[in-house]
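Colleague: kindly return the folded structure for what I paste below:
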Amino acid sequence: MTVTAPTSEVVFDVRNVTLRFGGVTSLNDVSLQMRRGEILAVIGPNGAGKTSLFNSLTGVYTPQEGSIMLAARRGDSPTSVVGMKTHRVNQLGVARTFQNIRLFPALTALENVKVGVETRQRSGPIAAMLGMPWQRREERESNSRAYELMKRVGLSGRANDIASSLAYGEQRRLEIARALGTNPGVILLDEPAAGTNPVEKRELASLIKSINAEDDVSVLLIEHDMKLVMSVADRIVVLNFGEKIAEGTPEQIQRDPVVIAAYLGTSAEQAESQADAQPELRLIDIEPEGEQS
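Modeller: Alright, predicted model coming up:
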């Protein structure tokens with residue numbers, strides 16, 4: 001049974017969300033709550049609807065049914081984000097990274113982070129051309145904050161390097177730094193470990209936990225690497241064919257026969273039978289392919 005947290009402690013309150021594209025149902029009556037200060041992972045096999053959920057939470061898609069309430073920062077009143085533009089959702093305190101990295105490849109790493117920082121500032125091109133005093137102050141603040149975030153993600157020595165020249169794992173961390181530059185209350189990470197090596201995965205896990213604990217940022221994570229998920233998540237929600245099939249702690253989820261069956265493409269009964277034959281069988285030992293939906 002899912003325990004409903006107090007309203008003041010809920011970041012995202014998703015209720016009965018259904019998203020259709022023509023005759024295809026991408027999300028079917030999905031409900032979940034994300035609690036303030038937690039790391040919540042959303043997992044599932046290919047085509048489960050995980051990225052569709054992220055896109056619904058951030059204003060990219062508008063569900064046909066259901067409600068999505070957001071209170072990203074402490075003290076915020078819950079606000080409906082269904083039908084809201086993406087930039088407005090960001091202003092309410094939601095930042096995200098993407099499954100396919102979306103940096104400005106011709107800009108330096110520092111300039112990429114400044115793009116995020118400057119979304120929270122009031123300066124515009126006219127103020128920059130006129131050299132207004134407050135614009136110059138914001139420019140100094142933007143540089144200072146961007147350098148701070150570069151150090152935060154372990155890239156302080158790469159500030160002046162062109163973003164496209166960074167190693168893949170470094171680009172992943174750079175995208176996280178840019179997202180943090182918007183001063184979010186919650187950050188959505190879409191497969192941040194994709195394409196990284198084991199050392200980079202361990203560094204990423206430490207960074208995610210640090211952002212959550214030290215920066216007071218709630219983290220919503222989509223990830224296929226089960227070892228990383230199990231090492232960082234407080235709770236896990238499992239989707240399959242657009243429906244929520246399980247929710248619980250990492251310990252509960254990794255031995256859930258319904259979840260294992262979804263990943264193996266078998267029935268729950270077959271998964272239980274296989275678990276009897278292999279008592280050590282856990283979700284963490286199953287490596288699904290990359291997600292496309």
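Colleague: near Gly265, how many other residues are there?
Modeller: Taking other C-beta atoms under 10 Å as the neighbour definition, Gly265 ends up with a count of 10. Just so you know, the C-beta spots here come from the backbone N, C-alpha and C atoms, and that holds for glycine as well.
Colleague: contacts only, for Gly242.
Modeller: Listed by C-beta atoms under 8 Å, 6 or more residues apart in numbering, the contact set of Gly242 reads 19, 25-28, 30, 48-49, 52.
Colleague: where are the low-confidence patches of the stretch 101-250 of the chain?
Modeller: Filtered on pLDDT under 70, the stretch 101-250 of the chain yields the residue ranges 121-135.
Colleague: one more time with 80
Modeller: For the stretch 101-250 of the chain, applying pLDDT under 80 flags the ranges 120-139.
Colleague: picking that back up, in helices, which of the contacts of Gly242 fall?
Modeller: Cross-referencing these against helices under DSSP state H gives Ser52.
Colleague: from the contacts of Gly242, which land in strands?
Modeller: 19, 25-28, 30 (DSSP state E).
Colleague: list the buried ones in stretch 11-31?
Modeller: Across stretch 11-31, burial judged by 16 or more other C-beta atoms under 10 Å covers 11-14, 17-19, 25-28, 30.
Colleague: which pair in those spans the largest distance?
Modeller: Val11 and Thr25 (25.7 Å; C-beta to C-beta).
Colleague: pLDDT added to the contacts of Gly242, as a markdown table?
Modeller: Below are those laid out as a markdown table (pLDDT from 0 to 100):
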| residue | pLDDT |
| --- | --- |
| Leu19 | 97 |
| Thr25 | 95 |
| Ser26 | 96 |
| Leu27 | 97 |
| Asn28 | 97 |
| Val30 | 97 |
| Ala48 | 93 |
| Gly49 | 95 |
| Ser52 | 96 |
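Colleague: relative to Gln64, which of the contacts of Gly242 is nearest.
Modeller: For the contacts of Gly242, the nearest to Gln64 is Leu19 (6.7 Å; C-beta to C-beta).
Colleague: which ones are touching Asp190?
Modeller: Contacts of Asp190 (C-beta under 8 Å, 6+ apart): 51, 54, 96-99, 222.
Colleague: farthest pair within those residues?
Modeller: Thr51 and Thr97 (11.9 Å).
Colleague: if we can go back for a sec, between the ones in strands among the contacts of Gly242, which is closest to Thr86?
Modeller: Leu19 (15.7 Å).
Colleague: next structured bit after the host helix or strand of Leu239?
Modeller: Secondary structure assigned from DSSP states H and E places Leu239 in strand 235-240. Using DSSP H and E, the helix or strand that directly follows strand 235-240 along the chain is strand 243-248.
Colleague: other residues contacting that following strand?
Modeller: In contact with strand 243-248 (C-beta under 8 Å, 6+ apart) are residues 2, 28-32, 49, 235-239, 252-253, 256, 258-259, 262.
Colleague: how does it look with 10 Å?
Modeller: 1-2, 14, 17, 25, 27-33, 40, 42-44, 48-49, 53, 235-240, 252-254, 256-259, 261-262, 268 (C-beta atoms under 10 Å, 6 or more residues apart in numbering).
Colleague: what of stretch 200-209?
Modeller: Here stretch 200-209 has contacts from 39, 152-154, 167-170, 172-173, 176-177, 187, 189, 192-193, 196-197, 217, 219, 221, 223, 225, 227-233, using C-beta under 10 Å, 6+ apart.
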